[in-house]
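Asks: have a look at this prediction, sequence included:
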Amino acid sequence: MNAAKVLDTLKLRFPNEPEYHQAVEEVLATIEEEYNKHPEFDKANLIERLCIPDRVYQFRVTWVDDKGNVQTNMGYRVQHNNAIGPYKGGIRFHSSVNLSILKFLAFEQTFKNSLTTLPMGGGKGGSDFSPRGKSNGEVMRFIQSFMLELWRHIGPETDVPAGDIGVGGREVGFMFGMYKKLTREFTGTFTGKGREFGGSLIRPEATGYGNIYFLMEMLKMKGTDLKGKVCTISGSGNVAQYTAEKVLELGGKVVTMSDSDGYIYDPAGIDKEKLDYIMELKNVYRGRIREYADKYGCKYVEGAKPWGEKCDIALPSATQNELNGDHARELVANGCMAVSEGANMPSTPEAIKVFQDAKILYAPGKAANAGGVSVSGLEMTQNSIKLSWSEKEVDDKLKDIMKSIHEACVQYGTEADGYVNYVKGANVAGFMKVAKAMMAQGIL
């Protein structure tokens, strides 16, 4: 395989999809050496088959707002690869959603799910509908219209969606309710469900917790832990909230959180009481992070990211490409020793190169934020056997999964000088499992 040639072909075939191209390029560059050790892969044109989704559904979603006006959005589901299990991946509701972003997310999800050791393929879906500023009734009506199309393409052994940006417990509940009404069956077709109707304990916490469990494995390699470490976190949604919660539990200090309007910097630290306020502000009142600065009298920087603040550890937990090369250089110059991604592809290629050239610990999202989909997989298992596990059982399983992902990254990513290239390790480990499954199943 010639990675550059494969990428050029994809760009010609699928123009104007920069996020998708970026995700493919990052993976191809790291797996090329391992791929070329297997001539049987090239003979089967495996790489092109792996890069292009199995299928993509696009549809119009028409709904009525509270004023009686008819609104129209686009809906999507990208089913990327099911070589090792049913398609599995979140639904994102955000004004930025387009096919390029969803194809990149589904591509990434395929390798992330492979790393979890659970039988799950990769998929992703969503809409350019934004729940921000919408009433509960508007969100429900939109989702019911969205599900009128999506329901026929998903199922417990076909494609199992979950939440993502803009899709939390409320939205998953509305989707599951409409799916149940249309199919007249009660199955584990969605994960991230309410505890009362098949959801798993610690599913809301899982992405944030899992990121910190992975970070702890990295720090252990350096003979240290989180105690006393100053952490900057971006975002203030589900992932950021539970990342912060676990950092505090393990003795770290959180000094920043953010939203799309700007970030707060609290040098005294965001303690449990302050974090509870953020959770209520975001989850109940759906307010803006600047309200925290007003309440606690700390710095608020509008329209900026928190990466210029001094820290030991950076935890990007908001969205893709939020941390660029300049940000990365600031972090390194300020003494940051580790970056662990709670979001999907939050660091640009330039930023990743800066981290790796500086030889700091850097964990890509497909490894570090796999905790969410891991517990989704555990939720699928509980639904299948009609049982619910205790919080400790699920948390112990999550810790074991994140530890095994770290071990796979070390196995495939350790370089000659001893530095662990977690990007290469995660990509190669995830790729090899999917590739072997595809080869075993023939040319399909």
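Replies: Okay, I see it.
Asks: so which strand or helix has the closest residue to residue 395 other than its chain neighbours?
Replies: Nearest non-adjacent residue to residue 395, counting by Cβ to Cβ, 6 or more residues apart in numbering: residue 202, 5.7 Å away. C-beta: built from backbone N, CA, C; applies to glycine. Taking DSSP states H and E as the definition, one finds residue 202 inside no helix or strand.
Asks: list the contacts for residue 202?
Replies: 209, 375, 391, 394, 395, 398 (Cβ atoms under 8 Å, 6 or more residues apart in numbering).
Asks: which one of those has the most neighbours?
Replies: When neighbours are counted by other Cβ atoms under 10 Å, residue 375 leads those with 32 neighbours.
Asks: any idea which element that residue lies in?
Replies: With DSSP H and E as criterion, residue 375 is part of helix 371-385.
Asks: show me what that helix is packed against.
Replies: Secondary-structure packing of helix 371-385 (3 or more Cβ pairs under 8 Å, 6 or more residues apart in numbering; DSSP states H and E): strand 87-93, helix 99-115, strand 159-162, helix 206-221, helix 391-413.
Asks: how about these, which one is nearest residue 321?
Replies: Residue 321 lies closest to helix 99-115 among the helices and strands packed on helix 371-385, at 10.2 Å (Cβ to Cβ).
Asks: any idea which helix or strand comes after the closest one?
Replies: Counting by DSSP H and E, what follows helix 99-115 is strand 122-127.
Asks: partners of that next one in the sheet?
Replies: strand 70-81 (antiparallel), strand 87-93 (parallel) (DSSP bridges).
Asks: tell me the contacts of the most centrally placed residue in the chain?
Replies: The centroid of the chain falls nearest to residue 344 when counting by Cα atoms, centre = their mean (4.3 Å). The neighbourhood of residue 344, defined by Cβ under 8 Å, 6+ apart, consists of 104, 105, 108, 319, 320, 365, 366, 369.
Asks: and the end-to-end length of stretch 195-207?
Replies: 17 Å (Cα to Cα, to the nearest Å).
Asks: now stretch 230-238
Replies: 20 Å.
Asks: which helix or strand contains the residue nearest to the centre of the chain?
Replies: Using DSSP H and E, residue 344 falls outside every helix and strand.
Asks: skipping adjacent residues, who's closest to it in space?
Replies: residue 365 (4.9 Å).
Asks: please verify my assumption that the one you found contacts residue 339.
Replies: No - assessed by Cβ atoms under 8 Å, residue 365 is found out of contact with residue 339, at 10.7 Å.
Asks: out of those two, which sits in the busier spot?
Replies: residue 339 (31 against 23).
Asks: hey, what's the more buried one bridged with?
Replies: Note on residue 339: beta-bridge partners by DSSP bridges are residue 314, residue 362.
Asks: spell out the secondary structure type for the residue of the chain positioned farthest from its centre.
Replies: Distance to the chain centre peaks in the chain at residue 68, reaching 35.3 Å (criterion: Cα atoms, centre = their mean). Under the three-state scheme (DSSP: H, G, I helix; E, B strand; the rest coil), residue 68 adopts coil.
Asks: so the nearest residue to residue 112 once chain neighbours are set aside, which of the three states?
Replies: Nearest residue to residue 112, sequence neighbours excluded (Cβ to Cβ, 6+ apart): residue 366, at 4.3 Å. Look at residue 366: counting by three-state DSSP, its state is helix.
Asks: nice, that's everything, thank you.
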